[in-house]
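>>> What would the 3D arrangement of this be:
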Amino acid sequence: MVKLELPYGKTSLPLSLEENRVRAVLHSGIAGYVPDASPEELVRRALEAPVGCEMLEQLSKGKKKVTIIASDHTRPVPSRLLMPPMLESIRKGNPAAEITILIATGCHRDTTREELIAKFGEEIVQTENIIVHDCDDEENLCLLGTLPSGGKCRISRYAAEADLLIAEGFIEPHFFAGYSGGRKAVLPGVAARETVLANHCSEFIAHPAARAGSLEANPIHQDMLWAAEKAGLEFILNVVLDADKKPIYAVAGDPRQAHAAGCAFLENLCGVPQTPADIVITTNGGYPLDQNIYQAVKGMTAAEATVNPGGVIIMLAKSGDGHGGDAFCKELMASANMNALMAGILSRGRGQTLPDQWQAQIMIRVLQKARVIYISEAPDDLVRALHMVPAHSLGQAMTLAEEILGNPQASVTVIPDGVSVIVLP
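Numbers count the residues shown, from 1 in each chain. Next up, the predicted model:
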């Protein structure tokens with residue numbers, strides 16, 4: 001028997017399968033990776049040996065307005081670790097620098113003072129100039145030009161008007177941008193809502209290169225890269241995190257080159273071979289990423305990449321907060337016909353993107369390939385309304401999957417954490 005514990009909320013659910021049915025268990029290598037230094041030392045090394053550019057203290061010389069783009073409350077970036085040495089490096093090179101920390105909320109809600117303190121610590125919040133980006137604040141948005149997507153590239157003036165623009169962040173597989181980190185600090189981080197919507201257009205989401213681990217020819221990535229370069233982003237400090245959200249790798253330097261180095265490191269750890277099976281069991285890595293159905297779409301895409309057409313995906317996501325987005329639900333509930341739903345979304349031009357349509361589009365794409373059995377605490381009626389089959393245990397889900405397939409010996413691939421792997425073709 002193959003016995004596993006799969007993350008579910010803050011706990012786990014046990015899984016036992018006959019060994020002859022299991023095609024593969026696809027694990028990320030992050031869990032077993034042991035760095036050769038402490039997180040503090042990794043960050044120090046990265047700042048002292050930047051990739052493709054001068055050290056931060058050299059870049060800051062003669063620069064009056066310095067803006068550091070920092071992630072918001074929705075991202076697990078260890079800013080308490082990253083921000084102090086960045087500030088120190090800037091002031092070492094230029095004690096008179098006027099530093100602004102710009103919180104990259106994208107289209108999220110504002111980050112509260114309490115969340116800022118939890119993120120940076122009391123001292124930084126009290127002593128530094130912190131601006132929380134608002135994607136709808138017309139007075140503080142600047143037009144940089146036209147994105148490759150055709151949308152207007154408008155970003156925060158605190159970024160656009162900086163003499164030196166830098167960013168912190170983290171790199172992980174991203175289900176349509178390829179990887180997070182690097183250029184994403186600008187778009188969507190400090191961009192206008194209309195700019196984010198243009199970048200997330202249905203045409204780009206449908207592109208075959210808009211997948212986890214894919215940067216080359218990815219139009220979403222190219223849009224983001226264009227925006228970062230047009231904004232003048234000169235330096236990044238990015239980390240890779242383990243399951244406990246502790247850095248196991250750090251890289252700093254030129255946004256394009258340093259980000260590429262971090263992505264290469266991550267691909268070596270997270271890349272897993274495509275192992276087709278009739279049933280693919282996956283998760284969203286447990287709490288905090290499995291609190292709603294909207295977020296669980298990310299984990300589903302890992303299963304999508306390796307399930308046989310017409311097969312079954314069993315998705316574990318506790319989803320105590322329900323669906324996670326009214327617009328997302330509205331898109332999915334408009335019809336029971338997946339082809340009709342997809343045609344409706346694809347009919348919208350680059351300038352007609354609706355909020356959250358990209359998440360619905362990706363889920364529809366998953367449902368066009370496979371049935372989804374959803375293990376959660378969300379109401380069964382809601383799960384059914386979103387075109388999935390509700391279940392409340394792995395045993396029940398396996399029985400349902402075998403009934404759907406008409407095969408009690410259907411092959412199985414297991415992905416214990418769907419958001420931490422890149423399924424390689």
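>>> So which residues of the stretch 251-400 of the chain form strands?
271-273, 277-283, 307-316, 371-375, 389-391 (DSSP state E, counting those that start in this stretch).
>>> hey, what's the spatially most central residue of the chain bridged with?
The structure's the chain has its C-alpha centroid closest to residue 174; by CA atoms, centre = their mean the separation is 4.4 Å. For residue 174, the beta-bridge partners under DSSP bridges are residue 178.
>>> Pull out the buried residues from stretch 355-373.
Along stretch 355-373, the positions that meet the burial threshold by neighbour count (16 or more other CB atoms under 10 Å) are 355-367, 369-373. Bear in mind the C-beta positions are built from the backbone N, C-alpha and C, glycine included.
>>> if you compare the strands of the stretch 251-400 of the chain, which one is most tucked away?
For the strands of the stretch 251-400 of the chain, the stretch with the most neighbours on average is strand 277-283, a mean of 27; neighbours defined as mean count of other CB atoms under 10 Å.
>>> Report all helices and strands that that strand contacts.
The contact analysis (3 or more CB pairs under 8 Å, 6 or more residues apart in numbering; DSSP states H and E) places strand 277-283 against strand 2-8, helix 293-304, strand 307-316, helix 394-405, strand 412-415.
>>> distance between it and the chain's centre?
Distance of strand 277-283 from the chain centroid (CA atoms, centre = their mean, to the nearest Å) equals 21 Å.
>>> Could you do stretch 368-382 as well?
Distance, centroid of stretch 368-382 to centroid of chain: 22 Å (CA atoms, centre = their mean).
>>> Equivalent analysis for stretch 155-168, please.
22 Å.
>>> again with stretch 167-178
5 Å.
>>> Could I get the average pLDDT for it?
Per-residue pLDDT values over stretch 167-178 give a mean of 95.
>>> mind listing the helices for the stretch 1-150 of the chain?
Remark: helices assigned in the stretch 1-150 of the chain by DSSP state H, counting those that start in this stretch are 39-48, 56-59, 79-93, 113-120, 122-127.
>>> just checking, what packs against the shortest one?
Contact partners of helix 56-59 among helices and strands, from 3+ CB pairs under 8 Å, 6+ apart: helix 79-93, strand 164-170, strand 233-241.
>>> Just send these back as a markdown table, with mean neighbour count and distance to residue 26 too.
Supplementary listing: the helices and strands packed on helix 56-59 in a markdown table, determined by neighbours: other CB atoms under 10 Å; distance: least, CB to CB, whole Å:
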| stretch | mean neighbour count | distance to residue 26 |
| --- | --- | --- |
| helix 79-93 | 19 | 30 |
| strand 164-170 | 26 | 22 |
| strand 233-241 | 25 | 19 |
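>>> Nearest to residue 35, out of those?
When the helices and strands packed on helix 56-59 are compared by CB to CB, strand 233-241 sits nearest residue 35, at 9.4 Å.
>>> List the neighbouring strands of the closest one plus their orientation.
Strand 233-241 has these strand partners (DSSP bridges): strand 164-170 (parallel), strand 247-253 (antiparallel).
>>> okay, the angle between the first one and helix 79-93?
In this case it means strand 164-170. For strand 164-170 against helix 79-93, the angle between stretch directions is 160 degrees (axes from the mean of the first three to the mean of the last three CA atoms, to 10 degrees).
>>> Now do strand 164-170 against helix 39-48, angle only.
Going by the same axes, to 10 degrees, strand 164-170 makes 150 degrees with helix 39-48.
>>> Sketch out the low-pLDDT regions of the stretch 151-300 of the chain for me.
Low-confidence segments of the stretch 151-300 of the chain (pLDDT under 70): none present.
>>> could the strands of the stretch 251-400 of the chain go into TSV alongside distance to residue 109?
Shown next, in TSV, are those (distance: least, CB to CB, whole Å):
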stretch	distance to residue 109
strand 271-273	34
strand 277-283	26
strand 307-316	26
strand 371-375	27
strand 389-391	30
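>>> Tell me which residues touch the nearest residue to residue 185 once chain neighbours are set aside, please.
Residue nearest to residue 185 in three dimensions, not counting chain neighbours: residue 167, with 3.6 Å by CB to CB, 6 or more residues apart in numbering. Contact partners of residue 167, counting by CB atoms under 8 Å, 6 or more residues apart in numbering, are 68-70, 104, 182, 185-186, 189, 233, 235-237, 255.
>>> Switch the helices and strands packed on helix 56-59 over to TSV; also include distance to residue 337.
Formatted as TSV, the entries for the helices and strands packed on helix 56-59 read as follows, by distance: least, CB to CB, whole Å:
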stretch	distance to residue 337
helix 79-93	45
strand 164-170	39
strand 233-241	40
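>>> thinking again about what came up before, nearest to residue 18, out of the strands of the stretch 251-400 of the chain?
The closest of those to residue 18 is strand 277-283. By CB to CB, the value is 12.5 Å.
>>> which other residues reach whichever strand or helix holds residue 423?
Taking DSSP states H and E as the criterion, residue 423 maps to strand 422-424. Contacts with strand 422-424, where a contact means CB under 8 Å, 6+ apart, come from 26, 173, 212-213, 266-267, 270-274, 302, 305-306, 415.
>>> Narrow the residues you listed to those that are buried.
Buried members of the contacts of strand 422-424, counted by 16+ other CB under 10 Å: 26, 173, 212-213, 266-267, 270-272, 302, 305-306, 415.
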